[in-house]
Every structure is written in C-alpha cells, then in structure tokens.
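Participant: Predicted model, plus sequence, below.
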Amino acid sequence: MRARSNSTIAVCRVIAALVAFASSAAVAHASFPASIFAPHSTPAHQEHQLALFVLGISALIFLGVSILLIYAIVKFRARPNDDTEPPQVFGSLQIELSWTIIPILIIVVLFLGTARVLFSVQDAKKPATALDVVVIGHQFWWEFRYPQYNVVAANELHVPVHTQAAPRPTFMKLTSADVIHSFWVPQLNGKTDLLPNRVNEMWIDPETPGVYVGQCAQFCGAQHAKMLLRVSVDTAEDFDKWIKNQQRAQAELAEPHVAMASMANAGSQSGDAIDAIDARRGQIVFEQQACINCHAVAGTVANGRYGPDLTHLMSRETLGAGAMANTQENLLAWIADPNTFKPGCLMPAMHLNERQNAQITAYLLSLK
C-alpha cells in the first residue's frame, strides 16, 4: 500500500512541476520585448488566443494520458510473489471507438479554430484610411517604402497607432531582393515570408504607441541573426511629423562649415587629434568614393539602390539593422570596417585613411 502511495505521489509531483514550469515560463516570456504572450495588434491577439486554445487542448490530452498512465502503473503493477499474467482484453469495441473518435474530434476542433483565425487575418478588408508599406528584404537589412508619401526608410518601420476613434491599420506588401527572408514582429503579427519574384501580404493595427522589435525568421545567410528590425508605433501627430521630415530632401551643404563634428578620438595618420571635421568636405569625399554606387541621399548625386537609403540616417536609432546603436563613435567604426561588427555583411571596408573616414562620418552625422 505504501509503495502504491509513493509512486502516485511521485508522478503527481512531476506533473505539478511541469505545470508550474510552463506557467512561470509563460509569465516570464510575456515581459520579453519579442514575446508572443504580449500581443498589441488584432492579428497578434487572435493568434495568441488560438495558441492558448491549442495549448489548453494539449494540456487536457497530456492530463488525460497521464491519469490513464498512472492508473495503469498503479493498478497493474507487479505484486510480490505474483507471477501470473494479468487478464487480457481482445477486440474491445469500446476501446477501438474511443481511440478513433476522440482523436478525430480533437483534430476537427483544432482545424476549425485554426481556419477561423486564418480567414479572419488573411481576408481582412482594407479600409480607405489604411497606410500602405512595401517591405523589401535584403542581405542583411530591411527596406521600407511608403508609396503614399514617396518616402524610403531602412530597418526601422514607422507606423501610426490604430484607435477605434481614428482607425488606421498598416497593410504591407512583402518581397525580397535576393534570397528568402521572413518578417516577424511577435507582438504585432505572425511571421510572413519574403520571397524573390513574389509578393506576400500582411497587416497590423498596433493599439499602443511604442517600439516593437522583431527580426528575420528565415535563415538567409551569414548575418541572418543580426538582421533585426524595429517597428516604431507613433501617435498620429508624431507619425505626421516623421513623414514630413522624411520627405525633406538632403540639400547640398552650401556653406563650408555648416555642420561640424568633433572627432577628438579619431586622430590622423600622424597621430594628431582632429578637432573638427568639415561636413561639406565629407560630402565631397563621400561622393568621390564608391559610396554613391550603393547608397542614396535625396537631393545629391548619390542615387545607389543596393544599400540602405541614407537621406535621414541620423533619425534612426540603430546601425546595421540593429547591430549597434547609432552613435558617432559606432558610425565612425562602421565606416572604417563594417565586418568588425557584422561579419559577412555585404558592405566592404573602403580602406580609406582616418581623416577621410572622419570626414564621411561628419557628413553622415548631418543627415537628419
């Protein structure tokens, strides 16, 4: 009797520990910036509810199987001095029906629940107030085009907040410029693949202003892990301000000392500190190098499309698709050798001298 009690208690403790671990993991993950347990958009809410529904059914299956297993272990365990074979059951219609009908019902319920969410998300009607965004995946960065405003951004997607009083969801068309990528911001929607020569679609309607992080969820090359993205959900006023700033072309720097950037730590090849670098001279150096073959700066001769648009580089919080913070020191180091921070990225080191790197950095710092 004691052996039976001890075995039952041990199995129950294991089940309780697993349930407690699952609950604590769900609570902990809910506080993570890229958690599926903290939805902030209609598609994410629906997918979250479906996930909990499937998890609940799975828990019931686990609980039912565990109870039957404990019952079999306890009732049919070997007794001391008992070598007889237990009674055998052959051709039980009840057992056959139970393990056939119950799984079929479970599969039908899961199918109907999943189909309801799929149709609700994929067949959502696009309102006239929706924001259109074209998302293009590159190795290893993101390009965002706003056709309604003639704006191009990189790595950081800005969208307006969606409210019942002023509904404005964001509808996105996604494609790839090279290999397969996948757009995934867990708190806003499930992942959607970006395929070459194909356009997929998805939508979000963020209900709370803030910054939501995600990344490429499809292995796309050496720097897949650092192909991060940020979705900045702005109030209607802030989004309008951001759009107006992005629509401003970068004017030619007319005066030789319009923008000055202190580069006390840069130093020249002789070791002397460079106290101030002329941004106008930096623009000339930028345009004389191969930079303009890959990057665009609106209002200048730079019209490249292979790399990110740099027109408003300093309005972004990160460099290299989230590889590091967008600071003066990091920008200078990135220009000197991008592979130091993102090995395998397609931007080569230009092998310029320290003064040229400092001049280009001063110019880029003026692109706001």
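Facilitator: Sure thing, it's come through.

Participant: Okay, domains of this protein per the record?
Facilitator: The chain breaks down by automatic domain parsing into domains covering 2-77+90-122, 131-246, 260-365.

Participant: So what would you say the end-to-end distance of the second one is?
Facilitator: From the first residue to the last, domain 131-246 extends over 16 Å; the measure is C-alpha to C-alpha, to the nearest Å.

Participant: how distant is that domain from the center of its chain?
Facilitator: Distance of domain 131-246 from the chain centroid (C-alpha atoms, centre = their mean, to the nearest Å) equals 9 Å.

Participant: average pLDDT for that domain?
Facilitator: Confidence over domain 131-246 (mean pLDDT, whole number) is 93.

Participant: Please apply the same query to the last one.
Facilitator: Averaged across domain 260-365, pLDDT comes to 79.

Participant: you'd agree Pro147 is up against Val134?
Facilitator: Yes - Pro147 lies in contact with Val134 (C-beta atoms under 8 Å); the separation is 6.4 Å. (C-beta placed from N, C-alpha, C; glycine too.)

Participant: Tell me where the stretch 51-200 of the chain has helices.
Facilitator: 93-122 (DSSP state H, counting those that start in this stretch).

Participant: Break down it into its strands, ranges please.
Facilitator: 131-138, 141-146, 151-154, 156-160, 170-176, 181-184, 192-194, 200-204 (DSSP state E, counting those that start in this stretch).

Participant: Rebuild these as JSON lines, extending it with mean neighbour count and distance to Ala302.
Facilitator: Compiled in JSON lines, these are given as follows (neighbours: other C-beta atoms under 10 Å; distance: least, C-beta to C-beta, whole Å):
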{"stretch": "strand 131-138", "mean neighbour count": "20", "distance to Ala302": "17"}
{"stretch": "strand 141-146", "mean neighbour count": "21", "distance to Ala302": "16"}
{"stretch": "strand 151-154", "mean neighbour count": "21", "distance to Ala302": "13"}
{"stretch": "strand 156-160", "mean neighbour count": "23", "distance to Ala302": "20"}
{"stretch": "strand 170-176", "mean neighbour count": "19", "distance to Ala302": "24"}
{"stretch": "strand 181-184", "mean neighbour count": "24", "distance to Ala302": "25"}
{"stretch": "strand 192-194", "mean neighbour count": "20", "distance to Ala302": "26"}
{"stretch": "strand 200-204", "mean neighbour count": "19", "distance to Ala302": "31"}
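
Participant: Can you pull the poorly scored residue ranges out of the stretch 1-150 of the chain?
Facilitator: Low-confidence segments of the stretch 1-150 of the chain (pLDDT under 70): 1-33.

Participant: let's see 90
Facilitator: Judged by pLDDT under 90, the stretch 1-150 of the chain has its weakly predicted residues at 1-39, 68, 72-99, 120-124.

Participant: Include distance to Thr84 when you put the domains of the chain into CSV, please.
Facilitator: CSV is the format used below for these (distance: least, C-beta to C-beta, whole Å):
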stretch, distance to Thr84
domain 2-77+90-122, 12
domain 131-246, 56
domain 260-365, 68
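
Participant: ok, back up a step: just so I know, which of the strands of the stretch 51-200 of the chain lies nearest Val301?
Facilitator: Of all these, strand 151-154 sits nearest to Val301, with 16.9 Å by C-beta to C-beta.

Participant: For the closest one, which helices and strands make contact with it?
Facilitator: Applying 3 or more C-beta pairs under 8 Å, 6 or more residues apart in numbering; DSSP states H and E, we find strand 151-154 packed against strand 141-146, helix 236-246.

Participant: And the ones you listed: which comes nearest Ala358?
Facilitator: strand 141-146 (24.2 Å).

Participant: quick check: angle from the closest one to strand 131-138?
Facilitator: Angle of strand 141-146 versus strand 131-138, following axes from the mean of the first three to the mean of the last three C-alpha atoms, to 10 degrees, is 160 degrees.

Participant: let's have the chain start at 542 instead
Facilitator: All right, first residue 542 from here; so that's strand 682-687.

Participant: partner strands of strand 682-687, parallel or antiparallel?
Facilitator: strand 672-679 (antiparallel), strand 692-695 (antiparallel) (DSSP bridges).

Participant: who touches it?
Facilitator: Contact with strand 682-687 is made by 672-678, 692-698, 718, 724, 768, 770, 784, 787, 848-850, 861-862, as judged by C-beta atoms under 8 Å, 6 or more residues apart in numbering.

Participant: sorry, back to before: could you export the strands of the stretch 592-741 of the chain as a markdown table, including distance to Ser576?
Facilitator: Output for the strands of the stretch 592-741 of the chain, formatted as a markdown table (distance: least, C-beta to C-beta, whole Å):
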| stretch | distance to Ser576 |
| --- | --- |
| strand 672-679 | 22 |
| strand 682-687 | 21 |
| strand 692-695 | 25 |
| strand 697-701 | 19 |
| strand 711-717 | 21 |
| strand 722-725 | 12 |
| strand 733-735 | 18 |
| strand 741-745 | 16 |
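
Participant: ok, back up a step: so can I have CSV of the helices and strands packed on strand 692-695 showing distance to Trp744?
Facilitator: Shown next, in CSV, are these (distance: least, C-beta to C-beta, whole Å):
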stretch, distance to Trp744
strand 682-687, 15
helix 777-787, 17
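
Participant: Point to the residue nearest the middle of the protein.
Facilitator: Gly755 (1.6 Å; C-alpha atoms, centre = their mean).

Participant: Around the residue nearest to that residue when sequence neighbours are not counted, count how many other residues there are.
Facilitator: Excluding its sequence neighbours, the residue lying closest to Gly755 (C-beta to C-beta, 6 or more residues apart in numbering) is Val726, at 3.3 Å. Neighbourhood size, Val726 [other C-beta atoms under 10 Å]: 24.

Participant: Fine by me, thanks again.
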